[in-house]
Structures are given as structure tokens and as C-alpha cells.
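> give me a 3D structure for the following:
(one chain, ligands or ions: 1)
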Amino acid sequence: MCGIVGYTGSREAYPILIDGVKRLEYRGYDSAGVALLQDDNISLYKCRGKVSELERFCLDKNIKAHTGIAHTRWATHGEPNDQNAHPHLSEDGKIALIHNGIIENYLILKRELQRRGYQFKSETDTEILVHLIRDISKNENISMAEAVRQALNEVVGTYALAIINTEQPEEIIVAKKGSPLLIGMGENEYFIASDGAPIVKYTNKVIYLEDGDVAVINTNKKIEIRNINNEKKRPYTQKLEITLDQLEKGDFPHYMLKEIFEQPRAIQDSMRGRINVEKDVVSLGGIIDYEAKLMNAKRFIIAACGTSWHAGLVAEYLFETLVRLPVEVEYASEFRYRNPILNEDDVVIVISQSGETADTLAALEIAKERGATVIGVCNVVGSTLARNTHAGSYTHAGPEIGVASTKAFTTQVTVLTLMALSLARKKGSISLSYYHRLINDLESIPQKIDIIFQQNDYIKQIASFFTNKRNAIYLGRGVNYPVALEGALKLKEISYIHAEGYPAAEMKHGPIALIDEEMPVVVIATMQGTYEKIGSNIQEVIARKGKIISIVTEGDTQVKEMSDFCIEIPATEELLMPLVSSIPLQLLAYHVAVSLGCDVDKPRNLAKSVSVE
Ligand code: AGP
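Numbering: from 1, shown residues only. So this is what the prediction gives:
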């Protein structure tokens, strides 16, 4: 996915645009560009690389303007280079356009435009849009906004668009379908952005565009928004939920480390107001209207991607243990194309930090079409997922900027735990004493995580053991198996060391062939029902000279004696263990990546939220 920023008003546009795309770099950062309306001319500067490269490129350029658009890219069609960077310009230089999304029928449209004599400079799908809009606006006596709408009627795919043109020098046209876009309302100035991060510094009054909307923003007239049927829509202004200090790194060297250390507060915020000890009730306001559907569910299906999918695997243990209902956890990308069998007794839970992941949104729509009740667990207020589910709960983790999810995972697991506890209590599927034990332990999790932070320096020492390794294996059993997967994902996505998570008993069925003295094996061996079994798995690894890095319950001696490195974490209820056992694995991955000089917050090839297929 990509980041889009626009500005029109009395201020200098360039500083606002550059600062804005920097705040969106977590969405994609392989190339960047800016287009500025200067009198009746558009100046366009773009290049491969991060926004800092674009800044260097613009040092000697004419950047004076009051209207402009800027883009930071995560390549879908066409490799990251200067030509494929956005914005894209019409042949006559009168229109500039930036895009986040995928135009699925771009090849057909491209061939038709080439037949009409248009020359293409890039390999992108996006470029067809600027030529198509120009072609329509040139051949028909209509407004640029109408030309945009007509062009979009020929397009199949997803888009968030921002367009400037020399015929209306103080105007930005925006359009949205399937990729997020919002308008910030300042004092006689307008901002547009893919999310609130570039806007919150100037205003907290925003309009979230809906799919099919085309809006014209111009400081000389009222905002005009029309829907897909060209009907005027009354702009609905909302308050931006984030604050500027949430977007800053503060004293931390990386957003990821800040977000790891924010987890005690984030978990508290995800519980706030949802556990009423006096009334002895756990309640999630966002799903209360669908309580009957949840109580009568015959099955839960969880659809998500990446880390959110791992949170779903933890939820499988939570719901099946506490609510005694079958749970199926699906990769959203597989679920959406599998022609799934669903009915009205099914509850589908879609989990997403960003609320914009294309595969998860597609799974959401299929579940709704087939009659299931769709519940969301999401971190971004006003995101597409939050607006399209029947009901849901926010994780209240605050903005997660680091591409590698950390607080998103633990707050998702917290909300899913509350959801399972609330249902179990109402269904009477667990004893009151166990229910209270879990709630008391859940409320102590933030303090337990703070205790783990005291081992940060020791974990940093362990990280140095990984710096010359090319592979690693993570093992866990039961509810710690998803934690093994999550720990492996953290390591591979920010340090580029190949790492795989396995159920510990699976080692015997093949992966054990990989074990030798060069293979670090991270084992989550906290006190749980299968503790003795995992001790045997560790012995099998040691017998083949594998190196053991273990995560154990404090006071453990048995596994500790077997380990080359051993991280002790506070005892906690087995079902709640992922909330604590995942923390040392986040810190381990972070320190390995830093020691290897990797870009922790913006790892290569990745983006924070994949809003395209
Ligand atoms: C995990 O660290 C990655 N950032 C990635 O796997 C992420 O969890 C996945 O893309 C899903 O994103 P979402 O939660 O925003 O839907």
C-alpha cells in the first residue's frame, strides 16, 4: 500500500506534504514524489528511495506553492524507480495524479489509450488513470471532477486518488474505493491523507470518504462530495481520535521499541471500562447489540493475516477452552477464494490492526454476503473494517507505526480474551472461580510485562548469538504454539534471518533434520500442561547439538539447566501466557535486527498494512 498527502490553502504546501509523507512512510517507502501547482504549471519531483531521498532531490528545486500532492510508494506494478514513482503526469503536463490501490483492468485500458496515441513512461497501473482522465476531459466539455468520475466508471480495482490540474489551480480532486482516504478541515485550508497521521498536527476535524466518493476540495468554495451515482452527499465531519505525541518516537530510537514498551499501557487501555469488578461483569460495548448472535453461535470462524492471524490462533484456544464452541482460524487470503460454507449461525471474527488489509476486508464481505454475523477486532477508528463489520471492538493500542506488529498483537489477544470471558460467563461454560482467576490475572498482565522489561539488556546479549546465523526455529506447545509462529515472524521480517515456528512435537516429523550446532532453537517452555513433553523435545534438539534459547516461568530449574540461554518470565494462567511469552521474543527480534543494522521500523519489501492483494 502507499501513502497519499495533499494540501491546499494559504500556507506553503511543500513542508506540509513532505512532513506528511514521512508520517506515512510506514505504509510504503520504496519511492516518493511531490507535484506542486505553480501558477498555470505543475512542477513534479519524484525519485526512488525513501522520502529523505526526495528531500535531497528537491533541495535546489522551485518548491513554492500553496497547492500540491505527495506520495510514498510500496510497489505493486513496476519496480521501484524514478519513472514508476508517483505522481504521474498527463502528456500535456496539465494533470498530476497519485494513487493507492490496484487497477485490475489496467492492461485493457492501457492498450486502448495506446491505440489512441498516448505514450506511457512507466510500468505502473496508475499511469493509465491520468491519461484516461485527460482523454475524457479533452474530448468532452465537462468538469475535471466529472471526467474523473467517468474515468473511474471504466476502472475495475481499488483506489485512493488525489489529482491536481492547471485548469483549477487551487483545487484537489480526491476519490476513494477500497483504499482509505480522509479530508482534514482547517481554517480556510484543506488536507488530504491516507490516515490521520499527516493531518493531526493541523486539525482534528476530518471527513472519512466512503467507497465510490469523488470529492472536490477548493478553499474558494464549500467541499463538494458526490457518490458513485453522482448524487451530492452532505459532508459528515468527525473528530480524529489520535494525538500528535502518539505519533512521535519520543526518547526511543525506533517506533518498534517504543511500541514494545507501550504494551503495559496499551493493554490497560484495551481493558479500560470493559471489566466491571463490582458488578462482576466483562462487557464489550461495541458488540453488545449482537450478544444474542454470539450466544447462539454454533461456530466461530476467525479470518486475518500475519500477526493478526496469530492472534486468531490464540483466540482458538481461548474460545474453545472457555466457551466450548468450535473455532476455525483461516488465512483471510485463502478464505476469500475458498468458496467457504457459511450460515446464519456462524460468527466470523475479522482481526486487523490497520483495518485496511485487502484480504481481510474481502473475507469480511464474503462472510456478510453469506449470512454470517461479522465481528471486527481493529486498532484504527474509522477504518474500512471498523465501518463495514456488523459490530466490533477497538483494541485502543494507539497508532502502531513500526511495520512489525507488537502492541497490536497483545491488545488483540487481550480483547479476544475479554470477548471469550464475557461469553463464557453468560453461557456458564466455566466455573466462577476460574472466571475470577482469569480476570485477576488478566489485570496483572501489564505489571508482569514491566517485570520482563528488566531483562532487556540480557535479551540484547542473547541477540548477539544470532548475528551470524541464517536460520532459526521457534517451538511452542498449546497456546504457546501461535507465540512461536509470532516470534519467528518478528525475527524474519525485521532481521531477514529465516525463522520458522512449529508445534514442538512436530520437530520429530521432519524439521529435526535441520538441527545442528549452527541452528538456534527458541523454545517457549513455560509452566503448562505439556511442560514435561516440551522438555523431551528440548532433549531431542540438544542430542543433535542444537542451541537452546528458552522462555520459562520464573523459578524454573529443569529447562533452565538444559538451555544455552534462558529468559524467565512471571508465572501466569496458561491461557493468558501469550500476553507475556511474546514480549521477550519481540525484544529478541528487535535487538537482532538492530545489531545487524537493519531498518527496524521500515524493513525491506514490507509495508505496514497491505491494502492491495
Ligand atoms: C506483522 O508484524 C506484520 N506487520 C504483518 O504480518 C501484519 O500483521 C499483517 O499484514 C496484517 O495486518 P493488519 O493487522 O493491519 O490486518
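> show me where the stretch 201-350 of the chain has its helices.
255-261, 263-271, 291-295, 306-322, 332-335 (DSSP state H, counting those that start in this stretch).
> of all these, which lies closest to L606?
The closest of the helices of the stretch 201-350 of the chain to L606 is helix 306-322. By CB to CB, the value is 10.0 Å. No exception for glycine: its C-beta is placed from N, CA and C like everyone else's.
> got the CA coordinates for that closest one in PDB?
Below are the C-alpha coordinates for helix 306-322, written out as PDB (Å, rounded to 0.1, in the frame of the first residue of the first chain):
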ATOM      1  CA  GLY A 306       0.100 -12.100   9.500                       C
ATOM      2  CA  THR A 307       0.400 -11.300  13.200                       C
ATOM      3  CA  SER A 308      -3.400 -10.800  13.400                       C
ATOM      4  CA  TRP A 309      -3.800 -14.400  12.200                       C
ATOM      5  CA  HIS A 310      -1.500 -15.500  15.100                       C
ATOM      6  CA  ALA A 311      -3.800 -13.600  17.500                       C
ATOM      7  CA  GLY A 312      -6.600 -15.600  15.900                       C
ATOM      8  CA  LEU A 313      -4.800 -18.800  16.700                       C
ATOM      9  CA  VAL A 314      -4.500 -17.800  20.300                       C
ATOM     10  CA  ALA A 315      -8.300 -17.000  20.300                       C
ATOM     11  CA  GLU A 316      -9.000 -20.500  19.100                       C
ATOM     12  CA  TYR A 317      -7.600 -21.800  22.400                       C
ATOM     13  CA  LEU A 318      -9.400 -19.100  24.300                       C
ATOM     14  CA  PHE A 319     -12.900 -19.700  22.800                       C
ATOM     15  CA  GLU A 320     -12.700 -23.500  22.600                       C
ATOM     16  CA  THR A 321     -11.500 -23.700  26.200                       C
ATOM     17  CA  LEU A 322     -13.700 -21.100  27.700                       C
END
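> in it, which residues are buried?
Of the residues in helix 306-322, 306-319, 321-322 count as buried by neighbour count, 16 or more other CB atoms under 10 Å.
> farthest-apart pair in these, please.
That would be G306 and L322, which, of those, are the farthest apart (CB to CB) at 24.9 Å.
> need the mean per-residue confidence for the helix or strand hosting I128.
Following DSSP states H and E, the helix or strand that holds I128 is helix 127-139. The pLDDT scores in helix 127-139 average 94.
> and the following helix or strand past it with helix 127-139, angle?
Later in the chain than helix 127-139, the nearest helix or strand by DSSP H and E is helix 144-153. For helix 144-153 against helix 127-139, the angle by axes from the mean of the first three to the mean of the last three CA atoms, to 10 degrees is 130 degrees.
> give me the contacts around helix 144-153.
Helix 144-153 has contacts (CB atoms under 8 Å, 6 or more residues apart in numbering) with 95, 129, 132-133, 136-137, 140, 142, 159, 161, 163, 165, 167-168, 171, 173, 175, 177, 214, 216, 224, 226, 230.
> show me what counts as buried in the helix holding I128.
By neighbour count on 16+ other CB under 10 Å, the buried set for helix 127-139 is E127, I128, L129, V130, H131, L132, I133, R134, D135, I136, S137.
> packing partners of it?
The elements that helix 127-139 packs onto, with contact taken as 3 or more CB pairs under 8 Å, 6 or more residues apart in numbering; DSSP states H and E, are strand 88-89, strand 95-100, helix 106-115, helix 144-153, strand 159-165.
> among these, which is the most enclosed?
With neighbours taken as mean count of other CB atoms under 10 Å, those reach their highest mean count in strand 95-100, at a mean of 29.
> tell me the strands beside that strand, with direction?
As defined by DSSP bridges, the strand partners of strand 95-100 come to strand 88-89 (antiparallel), strand 159-165 (antiparallel).
> distance from the longest one to the middle of the chain?
Strand 159-165 has its average C-alpha position 23 Å from the chain's average C-alpha position, going by CA atoms, centre = their mean, to the nearest Å.
> so how far is Y481 from I538?
I538 is 15 Å from Y481, where distance means CB to CB, to the nearest Å.
> same question but for E365, I mixed them up
30 Å.
> which one's more surrounded, those two?
More crowded of E365 and Y481, by other CB atoms under 10 Å: Y481, with 24 against 13.
> and the stretch 201-350 of the chain, which residues reach the ligand?
Selection of the stretch 201-350 of the chain residues close to the ligand by CB under 6 Å from any ligand atom yields C305, G306, T307, S308.
> now, the most widely separated pair of these?
C305 and T307, at 8.2 Å, using CB to CB across those.
> centroid-wise, who is the farthest residue in the protein?
Residue farthest from the centre of the chain, counting by CA atoms, centre = their mean, is N141 at 42.0 Å.
> can I assume I16 is in contact with S10?
No: taking CB atoms under 8 Å as the definition, I16 is not a contact partner of S10, at 11.4 Å.
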